[in-house]
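[1] Fold the following and give me the result.
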Amino acid sequence: MKRCGWILVVWGVLGLFTSRTTRAEAPVSALQPFVDRHELAGAVMLVADAQKVLSIETVGYADIAAGKPMRKDTLFWIASQTKPMTAVAVMMLVDEGKIALDEPVEKYLPEFRGQQLAVVDDNGVKKLTTPAHPITIREVLSHMSGLPFRSAAETPTLDALTLEAAVKTYAQTPLQTQPGTHYQYSNAGINTAARILEVVSGQKYETFLQERLLDPLGMTDTTFWPNEEQIGRLAKSYRPDQAKTNLVEFPLSQLGSPLSDRAHRFPMPAGGLFSTAANTARFCQMLLAGGQWNGRQVLSQAAFAELTRRQTPDSVPNSYGLGLMVHADGFGHGGAHATNMDIRPAEDRVLIWMVQHSGFPGKGVQAQGVFKRSALQKQEE
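    Residues are numbered from 1 along each chain as shown. Take a look at the predicted model:
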């Protein structure tokens, strides 16, 4: 997974593209030209309200070379869309009074005591100093902690270390900015919050997530370790060829293989999940309903409000809540391979865009916005 800030910028620009045109074109008809021009391999597009899925449509291919079409149950690496799911799990502990957002991380993870800040003095000399305050749980969930994107130990893949081991490497890494002053997109921060969850709950992160979130929401096709059947439904990943006129398949190199290997691949709270459009929609519908699912309060109103309000200061351009991007019309998150979920409370809509792309040739980058515009205009008619 590369540094993912650019993904979130693209998400913000294209995802909010909802200008008015004439009568809305059906999503499949609107997206087919992108597939025909080899600018988009394929997509699964889902629209829902808080109670039900309104439509789920497919276009193009999950595997171009094999001529395998996208299906409604195609599986995708949703990458950083894992972040809001992790944040919801952490907020469950806030609701239970077991942790508080403004407590220092070192209260639960003593390895962070004495963590240093890297600075450059007036003479251009790099040195270490004591940060203004220890990083907090709120800061690691909102990318305001100063932690790096990842540590040097997380190579060649991001899932080769246990969560405990990975987080210890973050504690040994100097902060890059003063806590609470700069937005810096950080897998390390989200992973650190998940490690606190483990320590406080006494459960492994993946067990807590499964029992407290995935199972109650019926997200049976969401996993860190796709099985053989699920791998058979996994969409191939594509990027522009060297001439930037066509698509070329490339391997999922950010994660170890085989994907089903539980002995050597470890769950990554910042970006390790695989899921389908319908499964991801269930999580989004819970948020659209203000933290409720089937009449049960998954999150308190206070916890939901913290998740979905802007936590980053107005002085930074990135509008981020706790594990969620927030914008004028709602909130959501993108993934490293261009998946996206967009939750719009005022319009009572969830928009799910599932693709597997690292960049697009031609006008392919516009495809997500075309889907969203089409879906929202169709609602108005």
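
[2] mean confidence for the helix or strand where Ala118 lies?
    When elements are assigned from DSSP states H and E, Ala118 belongs to strand 117-120. The average pLDDT within strand 117-120 is 93.

[3] center of the chain - which residue?
    Gln81 (2.0 Å; CA atoms, centre = their mean).

[4] Apart from its chain neighbours, what residue comes closest to that one?
    Distances taken as CB to CB, 6 or more residues apart in numbering place Gly335 nearest to Gln81, at 4.7 Å, with adjacent residues excluded. Placement of C-beta: from N, CA and C, glycine included.

[5] Shouldn't Gln210 be within a strand?
    No: assignment of Gln210 by DSSP: H, G, I helix; E, B strand; the rest coil gives helix, placing it outside any strand.

[6] That one: neighbour count?
    Gln210: 18 surrounding residues under other CB atoms under 10 Å.

[7] Kindly report the same for the one 4 residues further on.
    Each residue near Leu214 was counted by other CB under 10 Å, and the total is 23.

[8] what's the answer for Ala152, then?
    9.

[9] The residue in the chain sticking out farthest from the centre in helix, strand or coil?
    Distance from the centre of the chain peaks at Asn123, with 39.5 Å (CA atoms, centre = their mean). Of the three states, Asn123 takes coil under three-state DSSP.

[10] ok, the residue nearest to Gln81 to Gly291 distance?
    Distance check for Gly335 against Gly291: by CB to CB, to the nearest Å, it reads 22 Å.

[11] Who has more neighbours out of these two?
    A direct count of neighbours by other CB under 10 Å for Gly335 and Gly291 places Gly335 higher, at 28 against 22.

[12] Let's see the pLDDT reported for that one.
    98.

[13] what do you get for Ser358?
    Ser358 carries a pLDDT value of 97.

[14] So the residue nearest to Gln81 sits against Met85, correct?
    No: counting by CB atoms under 8 Å, Gly335 sits too far from Met85 to count as a contact (11.7 Å).

[15] helices and strands around the strand holding Ala118, which ones?
    strand 126-129 (3 or more CB pairs under 8 Å, 6 or more residues apart in numbering; DSSP states H and E).

[16] so what secondary structure elements neighbour the strand it packs on?
    Judged by 3+ CB pairs under 8 Å, 6+ apart, the packing partners of strand 126-129 are strand 117-120.

[17] For the closest residue to His337 other than its chain neighbours, which residues are in contact?
    If the residues on either side of it in the chain are set aside, His337 comes closest to Gln356, at 4.7 Å by CB to CB, 6+ apart. Counting by CB atoms under 8 Å, 6 or more residues apart in numbering, Gln356 touches Ala41, Phe76, Trp77, Ala235, Lys236, Ser237, Tyr238, His337, Ala338, Thr339.

[18] Give me the neighbour count for the first one.
    When counting by other CB under 10 Å, one arrives at 26 neighbours for Ala41.

[19] returning to what we had before: could I get the phi/psi values of the residue nearest to Gln81?
    With angles defined as degrees, to the nearest 10, Gly335 sits at phi -130, psi 160.

[20] what about the helices in the stretch 101-250 of the chain?
    Here the stretch 101-250 of the chain has its helices, by DSSP state H, counting those that start in this stretch, at 137-141, 163-171, 187-201, 205-209, 228-231.

[21] what's the closest of the ones you listed to Ala375?
    helix 228-231 (26.8 Å; CB to CB).

[22] circling back to that earlier point, which parts of the strand holding Ala118 are buried?
    Leu117, Ala118, Val119 (16 or more other CB atoms under 10 Å).

[23] ok, of those residues, which one's closest to Ala194?
    Leu117 (23.2 Å).

[24] Beta-bridge partners for that closest one, please?
    Thr129, Leu175 (DSSP bridges).

[25] In contact with it: list those residues for me.
    Leu117 neighbours (CB under 8 Å, 6+ apart): Leu128, Thr129, Thr130, Pro131, Gly146, Pro174, Leu175, Thr177, Gln178.

[26] How confident was the prediction at the first one?
    Put plainly, it is Leu128. Leu128 is given a pLDDT of 95.

[27] That one and Gly114 touch, don't they?
    No: in this structure Leu128 lies outside contact range of Gly114 using CB under 8 Å: 10.6 Å.

[28] which residues are common contacts for these two?
    Residues touching both Leu128 and Gly114 (CB under 8 Å, 6+ apart): there are none.

[29] Against Gln81, how distant is Leu54?
    Distance from Leu54 to Gln81, by CB to CB: 20 Å.

[30] and if you look at Leu163?
    The value you get for Leu163 to Gln81, if CB to CB is used, is 18 Å.

[31] Then Asp63?
    22 Å.

[32] where does this protein have low pLDDT?
    Applying pLDDT under 70 to the chain flags residues 1-25, 378-381.

[33] Show me the domain layout of it.
    Following automatic domain parsing, the chain resolves into domains at 5-75+227-380, 86-206.

[34] Kindly reformat the ones you listed as CSV containing distance to Pro216.
    Shown next, in CSV, are those (distance: least, CB to CB, whole Å):
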stretch, distance to Pro216
domain 5-75+227-380, 7
domain 86-206, 11
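
[35] Right, I'll call it a day here.
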